[in-house]
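> structure for this input, please:
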Amino acid sequence: MTTVTIPGSLVNKRKKHFLGMPAPAGYVAGVGRGATGFTTRSDIGPARDSTDLPELPPAGPTKKAREDDDDKKDDNEDLNDSNYDEFEGYGGSLFSKDPYDKDDEEADEIYSAVDSRIDERRKEYREKKYKEAIEKYRKERPKIQQEFSDLKRQLSNVTEAEWSAIPEVGDIRNKAKRNPRADKITPVPDSIIASAMSYGQMSSQMDSRIQSGLLTPMGSGITSTGLLTPGWKTGIQSGSSSSADLDLRKIGQARNAIMDIKLNQVSDSVTGQTVVDPKGYLTDLQSMIPQYGGDINDIKKARLLLKSVRETNPRHPPGKVVLFVLIRITFHE
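Modelled structure (predicted):
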């Protein structure tokens, strides 16, 4: 009965067909990418004991043994025709054992003089051939510096803006990771510093966004004499936009002046006696309480906050100044 092996790629398309199969003969993992195999102690087995090592020979041969070896070497010297060269002779020296006398020294000097003379005659030709070979090699394989020499001369005309516009070497997508730059620090505008300094402090000026003048009622009665009541909007400065530096103290004085005008209208100009209905006046005052309830609650909250400031830090000068401003505003109102 034969066993049929189904490749993994037929079962699962994402699985490679060679996974789970035995490696071919002579396969070395990673050899395709330049990896080389290496041998470990587990591959060659354990080390041998010192008792299993063979006995070493003596330290060196004796003088007599050396002489015997030289004689054997002379006897075994190859003097066949195959080892003979017509110009150099035999491969070995035939006169290695002969003494070096004056005739040999004179012969060597003659040969040296001939070699030097021949070398001088061919020196110029040799240098010329060497120079031509170098020039030919440099033309065929010039240096990168020589290839871009003409372009390097044109770099003197490049402006600073063009130089800074040259892209970085490598992948531009990872430019921020490879070359992180310092964070840009922008100074804080003076308007933000001024608003932070004035945060939590009481001011006697109205905001320009809600500053549109006094809100006076339509009727001429005394039913509503406050500022934030429905009616026509009358600008403080006629024929021009509202001022951004509006003092709340002046608004209180204007409100008091309006109140005096209303009281003068309902009074008797002859006898000086008022003709105001007491019950109706009290009713109007009761109707004014909800309108001022928000302002009174704000004043109460401010007094509680200033009280806590005085108790925690009684020597804090800004707290005392704000308290005096609050007392002054409530006194004028």
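> low-confidence regions, the stretch 201-333 of the chain specifically.
Low-confidence segments of the stretch 201-333 of the chain, defined by pLDDT under 70, are located at 201-247, 266-296, 331-333.
> export stretch 191-199 as CSV, just CAs?
Presented in CSV, the C-alpha positions along stretch 191-199 are these (Å, rounded to 0.1, in the frame of the first residue of the first chain):
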residue,chain,number,x,y,z
SER,A,191,-2.7,89.5,24.2
ILE,A,192,-2.6,86.0,25.7
ILE,A,193,-0.3,87.1,28.5
ALA,A,194,-2.5,90.1,29.3
SER,A,195,-5.6,88.0,29.4
ALA,A,196,-3.9,85.5,31.7
MET,A,197,-2.9,88.3,34.0
SER,A,198,-6.4,89.7,34.2
TYR,A,199,-8.0,86.3,34.6
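> quick one: average pLDDT of that stretch?
Across stretch 191-199, pLDDT averages out at 80.
> only the buried residues of it, if you could.
By 16 or more other Cβ atoms under 10 Å, stretch 191-199 has no buried positions at all. In this view, the C-beta of every residue, glycine as well, is placed from N, C-alpha and C.
> what lies in contact with that stretch?
Outside stretch 191-199, not one residue touches it by Cβ atoms under 8 Å, 6 or more residues apart in numbering.
> then residue 319 would be within a strand, right?
No. According to DSSP: H, G, I helix; E, B strand; the rest coil, residue 319 belongs to no strand; its state is helix.
> what about residue 18, which SS state?
Per three-state DSSP, residue 18 ends up coil.
> likewise residue 166?
Taking three-state DSSP, the label given to residue 166 is coil.
> got it, and residue 261?
The three-state label given to residue 261 by three-state DSSP is helix.
> how many neighbours does it have?
Look at residue 261: counted by other Cβ atoms under 10 Å, it has 10 neighbours.
> just residue 306 next, same as before
Neighbours of residue 306 (other Cβ under 10 Å): 19.
> quick one: it and residue 322 touch, right?
Yes. With contact defined as Cβ atoms under 8 Å, residue 306 reaches residue 322; the gap is 6.3 Å.
> what ranges do the strands span in the stretch 51-200 of the chain?
With DSSP state E, counting those that start in this stretch as the criterion, the stretch 51-200 of the chain has strands at 84-85, 89-90.
> which of these has the lowest mean pLDDT?
When I compare these, strand 89-90 is least confident, with a mean of 63.
> residues contacting residue 99?
Contact partners of residue 99, counting by Cβ under 8 Å, 6+ apart, are absent.
> what is the neighbour count of residue 187?
There are 6 residues near residue 187, going by other Cβ under 10 Å.
> start the count at 560 instead of 1 going forward.
New numbering, starting at 560: the last item is residue 746.
> from residue 752, how far out is it?
Distance, residue 746 to residue 752, using Cβ to Cβ, to the nearest Å: 10 Å.
> next: residue 691.
The value you get for residue 691 to residue 752, if Cβ to Cβ is used, is 79 Å.
> good, we can wrap up now.
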